[in-house]
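Colleague: sequence and predicted structure below; questions after.
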Amino acid sequence: MIILEVALLSYFILYPIYIFLTHKAEKLRVLNQQESKVNVYLKTMLNLWIPVIILGILVVYDDISLIEIGLKWQWDITNSLALLSLILLAGYFLVSLKSLKNNSDEHSKLKEQYEFIRWFLPVTPRESKYFIFGLSITAGVCEEILFRGYVMHILSNDLPMYVVIIISSIIFGFGHIYQGASHVVRTAILGSIMAVIYLVTDSLVVPILLHLMLDMYGGAVAYIIFSDKKSEALMTK
């Protein structure tokens, strides 16, 4: 079990380094059509599920419990309101996507916002399915379990909670270095928000659902705007 613990802890150091060293080459392969986006999505999903599986083994055979890493739920006013908020947010996302699909005038503005990560985003129906229902759900589940559940649990044994939030969020941010330095900061801030939600609700359920909803929505928006051939043609004239 010690080997698995060391391997899991090493992941949080080695994976961001791996992403930093390989993401430019991976981007070029995708842009040069030497590697499909679907293959990149599958590799990313695998890189997230492996440490979660290791953590699962530690939960079964070691001293870590599901409760300690936030995999619990209690029906109280805070969680009930949080779930209601998620339902309302999901409704807003659906209405927003429907509006965006019918309003191509908004596409060019959004394309500018998404341009920094366009190489990674889905354009074809196949890519959108893997991104929205595969990668987004994987990221929502695995990243919250790993960075909010496990990392915060480990750090909280020796550090004050505000330091735990800062460190776990920085580690989370560096795992997204492929988006660029400024977006590492943005992702770290998002990680801090997720950490606070986790602490307030005393459960990973709401952060997981919120995380995967945000990623699914972002993937759907990208698919709508970048698969719009008519809008693309107008922009190149």
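Modeller: The structure has been received and is ready for your questions. These numbers were taken from a predicted model, which means no experiment stands behind them.

Colleague: could you pull out the helices in this structure for me?
Modeller: Assigned by DSSP state H, the chain shows helices spanning 2-31, 37-61, 77-102, 107-114, 125-130, 136-143, 151-155, 161-174, 181-201, 205-226, 229-236.

Colleague: adding mean pLDDT and distance to Ile67, write these out as TSV.
Modeller: For the C-beta atoms, the positions are set from N, CA and C on the backbone; glycine is no exception. Formatted as TSV, these follow (pLDDT from 0 to 100; distance: least, Cβ to Cβ, whole Å):
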stretch	mean pLDDT	distance to Ile67
helix 2-31	93	18
helix 37-61	96	10
helix 77-102	96	15
helix 107-114	89	38
helix 125-130	97	33
helix 136-143	98	17
helix 151-155	95	10
helix 161-174	95	17
helix 181-201	94	13
helix 205-226	97	13
helix 229-236	44	49
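
Colleague: nearest to Ile69, out of those helices?
Modeller: helix 151-155 (5.4 Å; Cβ to Cβ).

Colleague: to Glu68, which of the helices of the chain lies closest?
Modeller: helix 151-155 (5.2 Å).

Colleague: which ones are touching Val123?
Modeller: Contact analysis of Val123 by Cβ atoms under 8 Å, 6 or more residues apart in numbering lists Lys37, Ala222, Tyr223, Phe226, Ser227.

Colleague: ok, the first one - contacts?
Modeller: Residues in contact with Lys37 (Cβ under 8 Å, 6+ apart) are Val30, Phe120, Leu121, Pro122, Val123, Glu127, Tyr130, Phe131.

Colleague: tell me which two in the contacts of Val123 are the farthest apart.
Modeller: Spatially, the most separated pair among these is Lys37 and Ser227, at 12.6 Å (Cβ to Cβ).

Colleague: can I get the contacts of Val123 in a markdown table including distance to Ser182?
Modeller: Converted to a markdown table, these look like this (distance: Cβ to Cβ, whole Å):
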| residue | distance to Ser182 |
| --- | --- |
| Lys37 | 23 |
| Ala222 | 19 |
| Tyr223 | 24 |
| Phe226 | 21 |
| Ser227 | 26 |
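
Colleague: need the buried ones from those selected in ChimeraX.
Modeller: Filtering the contacts of Val123 down to the buried ones (16 or more other Cβ atoms under 10 Å) takes a single ChimeraX command:
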select :37,222,223,226
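
Colleague: closest to Leu146 among the contacts of Val123?
Modeller: Lys37 (23.4 Å).

Colleague: separation between the closest one and Pro51?
Modeller: 23 Å (Cβ to Cβ, to the nearest Å).

Colleague: report how many residues lie close to Leu199.
Modeller: Here the number of neighbours of Leu199 (other Cβ atoms under 10 Å) works out to 16.

Colleague: what does His153 give?
Modeller: With other Cβ under 10 Å as criterion, His153 counts 17.

Colleague: residues in contact with it?
Modeller: Neighbours of His153 in contact, by Cβ under 8 Å, 6+ apart: Ile64, Glu68, Ile69, Gly70.

Colleague: hang on, isn't the last one packed against Gly149?
Modeller: Yes: counting by Cβ atoms under 8 Å, a contact exists between Gly70 and Gly149, whose distance comes to 4.3 Å.

Colleague: now for these two: what residues contact both?
Modeller: Tyr198, Leu204.

Colleague: so Tyr223 sits right up against Ser128, yeah?
Modeller: Yes: judged on Cβ under 8 Å, Tyr223 makes contact with Ser128 at a distance of 4.1 Å.
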